[in-house]
Structures are given as C-alpha cells and as structure tokens.
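Novice: 3D model of this:
(one chain, ligands or ions: 2)
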Amino acid sequence: MDLFGNPFACIASLTTCYAGLTTVSLGMEILSASDKDLEKAAAALAKGFLVAFPTETVYGLGADAFNRAAVAKIFEVKKRPRFDPLIVHIADPDMLEKTADLSQLDPAARKRLSALTEKLWPGPLTIILPKQKTVPDIVTSGLPTVAVRFPDHRAAVKLIALFSGPVAAPSANPFGYLSPTRAGHVSDMLGDTVDLILDGGASDVGVESTVLDICGSRACILRPGGVPAETIEALIGPVASASAGRAAALASPGMLKSHYAPRTPVSVYQNGTPGSLPDEPGSALLFFDGASRDIWIGKKTAETKTASIAVLSEKGDLLEAAAKLFETLYGLDRPDIKRIHALLAPEEGLGVAINDRLRRAASDRD
Ligand code: TXA
Ligand code: MG
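Specialist: Ligands and ions are numbered 1, 2, ... in the order given. Below you'll find the model as predicted:
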C-alpha cells in the first residue's frame, strides 16, 4: 500500500485525457538524476511529455513552456484551475530574455532586477516580469506578466540546459494539496499521470520559492517562501507584502486561502503558547521546536492521549524546520489521525513562509 492508502488513484484515469492531445503518456518511470537519465528526461520534454524533477524548494512538474498541449497536460494532471499561472524555470540569462520582455521595465525596476538576480539567482526566488509575447497565454493564464525562476539544483539546471529552453513547472502535487519534497511523494500523489520522475533525493529548502513582483513602483511579495523578506529588503529596500485573501488571490492566483493542505484538518496555535495545544485521542501535535514540546509535556499530569507528536526542529532552527515541514505533514496525514494541532513558528525569516503554509493548511476548503 502507498503512503496515503492511495487517495489519488482516481487521478490515474486522467492518463486517458492525453489521448486527445499531441502525445500519449509514456507510463510513469522513476529515474535517478544521473547525466544519462537527465538526457532522457530532456528528450522527453522535447517530445511534449511531463517530467517531474527535483529543485531545492519542492519537486516541480515540468513541460516545455512553449508547447501549449504539454502545458495543458500539467493543468489536467494537477486538476489546477486554468486561472492559476505557472512559473517558468530557466537555466541561463538567454532563457530569461526569451521569457521576459525586460525592455518594458522602467529603470528602477531594472535596477531591482539586477540586484536580485546577481545575489539571489540561482535560488528560491521567483520574479514576476513583463512577459514576452511568444510565451503562451496558457502558461501565464492570460496575464501580461510571467513568473521566472532560476533554481539552485544541479539536476534541475542540467535538465533545463540539456532541453535548452524554459520549462514551465508548478509544484508536482494535486492542486491544493501538500507540495512534494521527495520523488516518492510525487509518484504516490500523481502516479501514472506523470511520464518521468527524476529522483534527486529530498529537497533542501522544503518550502516553495518566494514570489516577488518587481513591476510596480514598489516591489511586492505575493507569496512568502524560501528567500525571507529581510534578505530581499537588504538588497532593494522596503517591499510590500500581499496578505492572504481576495486581493492577493487576484494578484497571484495561487494565493488562494486554502492551499498546501493535507486531507486531515489542521488547527494552528500562536508561537509561544505550547500549553494551549489540546491532548485528545486521535489527534497529532506538531511543534516547531523541542523546547515547546517539552513545555507541553511538562504541563501534563497524566499519560498523554495524543496519537502522535512531531517536532520540526529539535533546536528550533528555521532552515531545518522549513525543510521538514511538508514531509512531516505527509507523515501525519493518515487515517488514524483526525486533526493536526500545529504550533506556529516565530514570525521572522523562513518562519513567515512556514506559518503561511500552516495557516493555509488550516483554512476552510470551500
Ligand atoms: O519553489 C517553487 O516555486 C516551485 C518549484 C517547482 O519551482 N514551484 C511552485 O509553483 O511552487 P506553483 O505553481 O505551485 O506556484 C506558483 C505561484 C502561484 O502562487 C501562482 O499564482 C504564482 O506563482 N504566479 C505564477 N505566475 C504569476 C504571475 N504572472 N503573476 C502573479 N503570480 C504568479
Ligand atoms: Mg503549488
């Protein structure tokens, strides 16, 4: 049996959807990220197949960004609404020019772009830029802008370089569900609907890239992620932050309130209040650090009723906690657990991205 009791088996039937498009599915194959496998994967992208690949943040579900039919398959497989645009992944400055029309940027935005790319690319930062006319509308959901990212991962960069073109890729999970940080998460969730999966081990960063819009008069973080706001502000000065809700969802459609969610309901609790987490049979507790767990255990007078207790980072390290977040939630998303009670991380650095994902996981899904 797979990790999830195979709740996503129904998605396998989507393979038949491919028949009407330009390619048929290869049937899923998991490859290592050796040079030979990367060549095979690049050839598959060129033929219009979908390739799931590792990045430093989470695994992506890639297709040739200029092949409309291949990109359409990404939306089918993920059951992703067409209004939610994709990130285009590049591996060199030429690909940036092929994807974004930098001539439309005013001098201030251009300055911000070079400061950011010089220090933070490759890395977990996605930049919203005016799009080149040639980028298909299906990639950008009809927006005049395109999201561009240069990942900091050997296999991802080599794959894109061998394919020699930009690769459109959302996270390789069904829409709204937890993002995958291992090849096994992708195969469990998407099964045969993906043609190839490159196994590059666990993703180091563990939360998705920060999405930053630099087109307006003031740069704005549309999604907190792997690069903390403080790091961006040190380079380009104060940035605005789109908060969750309708305005943010319109600016960046992936900012829908309920997102990044396990099937098990989640409740969140303020950082620094470990004593407020309940002790219930059939529930799991998720602590940010070992000290909070110890406070919770210290307050108990009888044996605990809680089914499972997890800690993101024993010593309270934000990098380690982010890297373990989705993987830990996967582990707790199982039939014997009826609710996950999660203590939020400190609201600073990567803690902002961790808390954003936990709060979204806790939002109602209607
Ligand atoms: O770390 C990551 O960013 C991963 C890896 C695979 O690179 N990708 C990822 O993609 O998280 P996805 O599709 O799950 O999230 C992309 C986010 C969504 O919130 C989407 O709405 C936003 O980027 N986005 C894409 N294009 C946009 C645009 N033109 N304007 C505003 N937001 C955009
Ligand atoms: Mg995603």
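
Novice: list the contacts of the spatially most central residue of the chain.
Specialist: In the chain, the residue lying closest to the centroid (Cα atoms, centre = their mean) is Glu208, at 3.7 Å. Contacts for Glu208 (Cβ atoms under 8 Å, 6 or more residues apart in numbering) come out as Thr57, Val58, Pro124, Ser171, Ser179, Arg223, Gly225, Gly226, Ala353. All C-beta atoms are positioned from the backbone trio N, CA, C, and that covers glycine.

Novice: so which of the residues you listed belong to strands?
Specialist: Arg223 (DSSP state E).

Novice: so which of the contacts of Glu208 also contact ligand 1?
Specialist: Among the contacts of Glu208, the ones lying near ligand 1 by Cβ under 6 Å from any ligand atom are Thr57, Val58, Pro124, Ser171, Arg223.

Novice: any chance of CSV for those residues, columns neighbour count and pLDDT?
Specialist: CSV is the format used below for the ones next to ligand 1 among the contacts of Glu208 (neighbours: other Cβ atoms under 10 Å; pLDDT from 0 to 100):
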residue, neighbour count, pLDDT
Thr57, 31, 98
Val58, 27, 98
Pro124, 29, 98
Ser171, 27, 97
Arg223, 24, 95
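
Novice: which of these lies closest to Ile232?
Specialist: Among the ones next to ligand 1 among the contacts of Glu208, Pro124 lies closest to Ile232 (Cβ to Cβ), at 11.4 Å.

Novice: contacts only, for the closest one.
Specialist: 56-57, 149, 151-152, 205, 207-210, 225-227.

Novice: which residue, other than its chain neighbours, is closest to it?
Specialist: Gly226 (2.7 Å; Cβ to Cβ, 6 or more residues apart in numbering).

Novice: list the contacts for the one you found?
Specialist: For Gly226, the contact set (Cβ under 8 Å, 6+ apart) comprises 56-57, 123-125, 205, 207-210, 322, 350, 353.

Novice: so which of those residues wins on neighbours?
Specialist: Comparing the contacts of Gly226 by number of neighbours (other Cβ atoms under 10 Å), Thr57 comes first, having 31 neighbours.

Novice: contacting residues around it?
Specialist: Thr57 is in contact with Pro124, Pro151, Ser203, Val205, Gly206, Val207, Glu208, Ser209, Gly225, Gly226, counting by Cβ under 8 Å, 6+ apart.

Novice: confirm that the second one sits in a helix.
Specialist: No - checked against DSSP: H, G, I helix; E, B strand; the rest coil, Pro151 lies outside a helix; its state is coil.

Novice: and it, what pLDDT?
Specialist: Here, the pLDDT recorded for Pro151 equals 98.

Novice: looking at it, it is touching Glu56, isn't it?
Specialist: Yes - Pro151 is in contact with Glu56 according to Cβ atoms under 8 Å; the separation is 6.1 Å.

Novice: who touches both of the two?
Specialist: Shared between the contact lists of Pro151 and Glu56 (criterion: Cβ under 8 Å, 6+ apart) are residues Gly123, Pro124.

Novice: contact partners for the residue nearest to Pro281 when sequence neighbours are not counted?
Specialist: Excluding the flanking residues, the one nearest Pro281 by Cβ to Cβ, 6+ apart is Lys305, at 4.5 Å. By Cβ under 8 Å, 6+ apart, the contact set of Lys305 is Asp279, Glu280, Pro281.
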